[in-house]
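K.L.:
sequence first, then the predicted structure:
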Amino acid sequence: MDYENAEKILEVKHLKQYFNVGKADEVRAVDDISFDIYRGETFGLVGESGSGKTTTGRAIIHLYEPTSGEILFNGKNVDNFTSKDDQREFRQDMQMIFQDPYASLNPRMKVKDIVAEGIDINHLAKDDADRTKRVEDLLETVGLNKDHSSRYPHEFSGGQRQRIGIARALAVDPKFVIADEPISALDVSIQAQVVNLMKKLQREQGLTYLFIAHDLSMVKYISDRIGVMHYGRMLEIADSDEIYAHPLHDYTKSLLSAVPVPDPEFERTREEIAYDGSGENDGKERHLVEIAPRHWVRAADDEIDMYTQRAHEASLIRK
Amino acid sequence: MENDKNILEVRNLQVNFKTYAGDVKAIRNVSFDLRKGETLAIVGESGSGKSVTTRTIMGLNARNADITSGSILYKDQDLLKKSDKEMEQFRGQDIAEIFQDPMTSLDPTMKIGKQIAEPLMVHKGMKKEKALAQALEMMKLVGITDAENRINDYPHQFSGGMRQRIVIAIALINYPEILIADEPTTALDVTIQAQILNLMKELQDKISTSIIFITHDLGVVAGMADRVAVMYAGKIVEYGTVDEIFYNPKHPYTWGLLSSMPTLDSSGDELPSIPGTPPDLLDPPTGDAFAARNAYALKIDTEQEPPFFKVSDTHYAATWLLHPDAPKVTPPAQIVARQKKYAEMQQALVAKQRPSVPVEEEEEQQ
């Protein structure tokens, strides 16, 4: 990925997404996060359950009204899309692939109607023949038999259903796809098939992905850059190889140290690093700081030196 | 029992499920041993029969299950010959299970102290006060913080990781001989998973249970298992020690499983994947069930089922590739790298044991 000339497709600025605002059980699911996604890249979002990664994805595609902050898509503020045409264009350009291939497909609809729903809404097909052809092409693109378009979702396996979900997302020719844990419900051997398919489609159609997952090894495999979230905050953003080889934030270190590796010898000597999150709530003002080139860490002013020191030790900064 | 190191011997187990469409052959002739104090991991995709195997051991299969043959020997008794009533004596006492989903395997209307104490009252006829005191001890043992104050809390007041600790406490309260852990950490985050796995290892040392660990996560297997059995389409296709399976796998399905999992240092464009989907067990294919997805399949694979070939005293694999007449094939690159590492480990081991012997002469050791 060439970041020198890359163009931003999505800018998230100080996004806050609170639930039950003003009540005793107010939840700050996403608490002031900012990041950019460049056209054509895959941005991985990792974190434990409750870290706010899914909420972030849903806020970006505007399933929620953000509490505050801005989301710019192609330079335009998503919140200001008042006209129907703007909204329809936005919904066409941005699509989502969901986690559970069993729950995200309507069991009473045939596969062809599921896939064609977006085509119908956006009037993309000239006539019935064109609609059928588009559906069949999409099914072939995702590796399904086009003769199966009259079947119902229950007739397919989990991996095949996830392919239907991908075909549905691609039907409206999107530019940006949010994939929220698209493979966690699938078996290992099927996971690889779906990930390969997603990568292939990205190459062929120039898609940009926001890939949300908790499976760290798969995220690293598919992503160009990765953001680590914890308690609704973005703690570290860097290139995926770099963040795995040289994590700077203690939480990232702890998270990576907990990933089991399919290598018994490595496992025998693996030591988990515990993370004490209490330091995050000491009242100091923290924000993302570019410690090394394109490597951002959430730090208070008096912590910058420490992280810079770490980056020097990992030779991330050239003198 | 064939071997007194064994605590459980499963022989020629076959289980069918009767459905309107016909008999689903879920378990097709499975045999294995569980040794005292060991952790045996059973790995495989969903539908390969891992969970049915352990549910059969527990006597917890659905009503349409039909055990057509086999035996499950525990302490010289065949568990398959026991009535439902008799099985109740074993369940929760000799054999206990940790289920996958801590959200659904606890009773939401019962205080957790009582849930943990229940097996003691049921199996040992213990008085409530005494049982609750023991439950409290167990809560501390599994690392539930502030146990005294939380013993009267309900499951919804705990996080997922804490709930799984409660489930473990219930399973271990009677110090079972055999603990079945069916995907115990799949629903948990990696950091919590690490805590639970460490806890299980620690407790296994303390109360010397044997564990059957079911999972599809090979990373977890690498850290937990002493021995590994790989299941595919209702059969065990390869078994051996954890090192033998991870560093010297022989079955193409094991190769596929190991290579399709990205490690933290794998990169590149195409992730090796196993093409296709598992066969329909309503009508299992003749020959090797994996043949249709197997890039290394031989002609005989579609005609005749491969027997187990011996790789070492502890390592067996059911693939025709191990037949002396089979053509030599080169496994995927990742597997070759693993085998190389294995050869180095073996050499290092030999060199360590017999420092006087030159290493070169010992290469054939494996």
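P.N.:
Thanks, I have it. Numbering: from 1, shown residues only, chains lettered A, B, ... in the order given.

K.L.:
please enumerate the strands of chain A.
P.N.:
Shown for chain A, the strands assigned by DSSP state E span residues A:8-19, A:27-38, A:42-46, A:68-73, A:76-77, A:94-97, A:176-180, A:208-213, A:225-230, A:233-239, A:286-292, A:295-300.

K.L.:
domain map for chain B?
P.N.:
Chain B is divided into the following domains under automatic domain parsing: B:1-94+B:176-331, B:106-168.

K.L.:
returning to that earlier point: pick out the shakiest of the strands of chain A, pLDDT-wise.
P.N.:
Set side by side, these show their lowest mean pLDDT on strand A:76-77, which sits at a mean of 88.

K.L.:
before we move on, the earlier item: could I get the strands of chain A as TSV with distance to chain B and mean neighbour count?
P.N.:
No exception for glycine: its C-beta is placed from N, CA and C like everyone else's. Converted to TSV, the strands of chain A look like this (distance: least, C-beta to the nearest C-beta, whole Å; neighbours: other C-beta atoms under 10 Å in any protein chain shown):
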stretch	distance to chain B	mean neighbour count
strand A:8-19	18	18
strand A:27-38	15	20
strand A:42-46	10	26
strand A:68-73	26	17
strand A:76-77	33	12
strand A:94-97	18	23
strand A:176-180	16	25
strand A:208-213	11	24
strand A:225-230	10	25
strand A:233-239	12	24
strand A:286-292	20	18
strand A:295-300	18	22
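
K.L.:
now render these as JSON lines, adding distance to residue B:229.
P.N.:
What follows is these, written out as JSON lines (distance: least, C-beta to C-beta, whole Å):
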{"stretch": "strand A:8-19", "distance to residue B:229": "46"}
{"stretch": "strand A:27-38", "distance to residue B:229": "42"}
{"stretch": "strand A:42-46", "distance to residue B:229": "32"}
{"stretch": "strand A:68-73", "distance to residue B:229": "50"}
{"stretch": "strand A:76-77", "distance to residue B:229": "56"}
{"stretch": "strand A:94-97", "distance to residue B:229": "34"}
{"stretch": "strand A:176-180", "distance to residue B:229": "34"}
{"stretch": "strand A:208-213", "distance to residue B:229": "29"}
{"stretch": "strand A:225-230", "distance to residue B:229": "35"}
{"stretch": "strand A:233-239", "distance to residue B:229": "39"}
{"stretch": "strand A:286-292", "distance to residue B:229": "46"}
{"stretch": "strand A:295-300", "distance to residue B:229": "43"}
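
K.L.:
residues in contact with the residue of the stretch 251-366 of chain B found nearest chain A?
P.N.:
The minimum distance from the stretch 251-366 of chain B to chain A, using C-beta to the nearest C-beta, falls at residue B:273 (3.4 Å). Shown here is residue B:273, whose contacts under the criterion C-beta atoms under 8 Å, 6 or more residues apart in numbering or on different chains are A:189-190, A:192-193, A:196, B:256, B:260.

K.L.:
where does pLDDT dip in the chain?
P.N.:
All of this is about chain A. Along chain A, the model assigns pLDDT under 70 to residues A:319.

K.L.:
sorry, should have said chain B
P.N.:
Low-confidence regions of chain B, defined here as pLDDT under 70, cover residues B:263-269, B:354-366.

K.L.:
please, where are all the strands along it?
P.N.:
Listed in chain order, the strands of chain B (DSSP E) span B:6-19, B:22-35, B:39-43, B:65-74, B:77-78, B:95-98, B:178-182, B:210-215, B:227-232, B:235-241, B:309-312, B:315-317.

K.L.:
next, the buried residues of the first one.
P.N.:
By that I understand strand B:6-19. The neighbour-count criterion (16 or more other C-beta atoms under 10 Å in any protein chain shown) identifies B:6-11, B:13-17 as the buried residues of strand B:6-19.

K.L.:
ok, the fourth one next?
P.N.:
By neighbour count on 16+ other C-beta under 10 Å, the buried set for strand B:65-74 is B:65, B:67, B:70, B:72-74.

K.L.:
so which of those residues is the closest to residue B:32?
P.N.:
Using C-beta to C-beta, residue B:72 comes nearest to residue B:32 of these, at 10.4 Å.

K.L.:
I figured that closest one hits residue B:13, correct?
P.N.:
Yes: between residue B:72 and residue B:13 a contact is recorded at 7.0 Å, counting by C-beta atoms under 8 Å.

K.L.:
now for the two: what residues contact both?
P.N.:
By C-beta under 8 Å, 6+ apart, residue B:72 and residue B:13 have these common neighbours: residue B:56.

K.L.:
tell me which parts of the stretch 151-300 of chain A are close to chain B?
P.N.:
With C-beta under 8 Å from any C-beta of the partner chain as the criterion, the stretch 151-300 of chain A meets chain B at residues A:157-160, A:187-193, A:195-196, A:199, A:214, A:216-218, A:220-221, A:241, A:244, A:254-256, A:258-268, A:270, A:272, A:275.

K.L.:
mark which of those residues are buried, thanks.
P.N.:
Neighbour counting over these (16+ other C-beta under 10 Å) leaves A:157-160, A:187-193, A:195-196, A:199, A:214, A:216-218, A:220-221, A:244, A:254-256, A:258-267, A:270, A:272, A:275 as the buried ones.

K.L.:
tell me the contacts of the closest residue to residue A:216 other than its chain neighbours?
P.N.:
Taking C-beta to C-beta, 6 or more residues apart in numbering or on different chains, and ignoring the residues beside it in sequence, residue A:216 has residue A:259 as its nearest neighbour in space, at 5.0 Å. Applying C-beta under 8 Å, 6+ apart to residue A:259 gives the contacts A:216-217, B:190, B:219, B:264.
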